[in-house]
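[1] Structure for this input, please:
(2 chains)
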Amino acid sequence: NAGVTQTPKFQVLKTGQSMTLQCAQDMNHNSMYWYRQDPGMGLRLIYYSASEGTTDKGEVPNGYNVSRLNKREFSLRLESAAPSQTSVYFCASTFADGDQPQHFGDGTRLSIL
Amino acid sequence: GENVEQHPSTLSVQEGDSAVIKCTYSDSASNYFPWYKQELGKRPQLIIDIRSNVGEKKDQRIAVTLNKTAKHFSLHITETQPEDSAVYFCASTTGSARQLTFGSGTQLTVLP
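    Residues are numbered from 1 along each chain as shown, chains lettered A, B, ... in the order given. Down below sits the predicted model:
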């Protein structure tokens, strides 16, 4: 079992470009999450999907959209990238939203010039 | 919403010594407190967690204590080793994973 798989691992974008970060889990989890991690800060929740077919905003959703494609996959899209979105992005999953702990992917390092 | 403060931001200890990292939280309804270890360029990994119905939990060299009255919890690592060097994050939630609030992290360096 791979757990939570994120692609790509690294990406450099120019301001204004769009990009989709992919996340897939093979643990039959219902709930999935996207976080960003900035230097000197803890992880902050961007969006989450409590179950297939539902998505909701987290703490810092501005500039992002998400799609829960199916039970396994949860993608994060930057429609028009900005330098402030330079960060490390982590996807995580749990069996249910009230379940702990979360299982994290390896992250995507995104730089926006 | 919940606010989690973590101290210190950096901590250096000699190999074999103990390390203590402290976190305070603001929401008295918080009931689950995990600790994550993150090595450079890697994913956060859960190392220990505690629920609000217990005051202390141990797993080999790692222990976590919880003081609900004072709303703080601490990570204790004994007999530190160079491989313990990493960033450690505390977190808290009232129950749901989507409400997990992270501290700002502590860079622990164990000097050989």
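[2] So which residue is smack in the middle of chain A?
    Nearest to the mean C-alpha position of chain A, by CA atoms, centre = their mean, lies A:Trp34 at 2.9 Å.
[3] list the contacts for that one?
    A:21, A:23, A:45-48, A:58, A:64, A:66, A:74, A:76, A:89-91 (CB atoms under 8 Å, 6 or more residues apart in numbering or on different chains). Every C-beta, even on glycine, is put in place using the N, C-alpha and C of the backbone.
[4] Report the entries of those that also contact chain B.
    A:45, A:48, A:58, A:90 (CB under 8 Å from any CB of the partner chain).
[5] next one: the helix or strand harbouring the second one to chain centre, how far?
    Translated: A:Tyr48. Under the criterion of DSSP states H and E, A:Tyr48 resides in strand A:43-49. Remark: strand A:43-49 is offset 7 Å from the chain centroid, using CA atoms, centre = their mean, to the nearest Å.
[6] what about whatever helix or strand comes next after it, near chain B?
    The helix or strand immediately downstream of strand A:43-49 is strand A:56-57, counting by DSSP H and E. Yes - contact of strand A:56-57 with chain B (CB under 8 Å from any CB) involves A:Asp56.
[7] Check which strands are paired with strand A:56-57 and give the direction for each one.
    Take DSSP bridges as the rule and strand A:56-57 pairs in its sheet with strand A:43-49 (antiparallel).
[8] export stretch A:33-41 as PDB, just CAs?
    Taking Å, rounded to 0.1, in the frame of the first residue of the first chain, the C-alpha atoms of stretch A:33-41 are listed here in PDB:
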ATOM      1  CA  TYR A  33      -7.700  17.400   3.300                       C
ATOM      2  CA  TRP A  34      -5.400  19.900   1.700                       C
ATOM      3  CA  TYR A  35      -2.900  21.900   3.800                       C
ATOM      4  CA  ARG A  36      -0.200  24.500   3.100                       C
ATOM      5  CA  GLN A  37       2.900  24.800   5.100                       C
ATOM      6  CA  ASP A  38       4.800  28.000   5.200                       C
ATOM      7  CA  PRO A  39       8.200  28.700   6.900                       C
ATOM      8  CA  GLY A  40       7.900  29.200  10.700                       C
ATOM      9  CA  MET A  41       4.200  28.200  10.700                       C
END
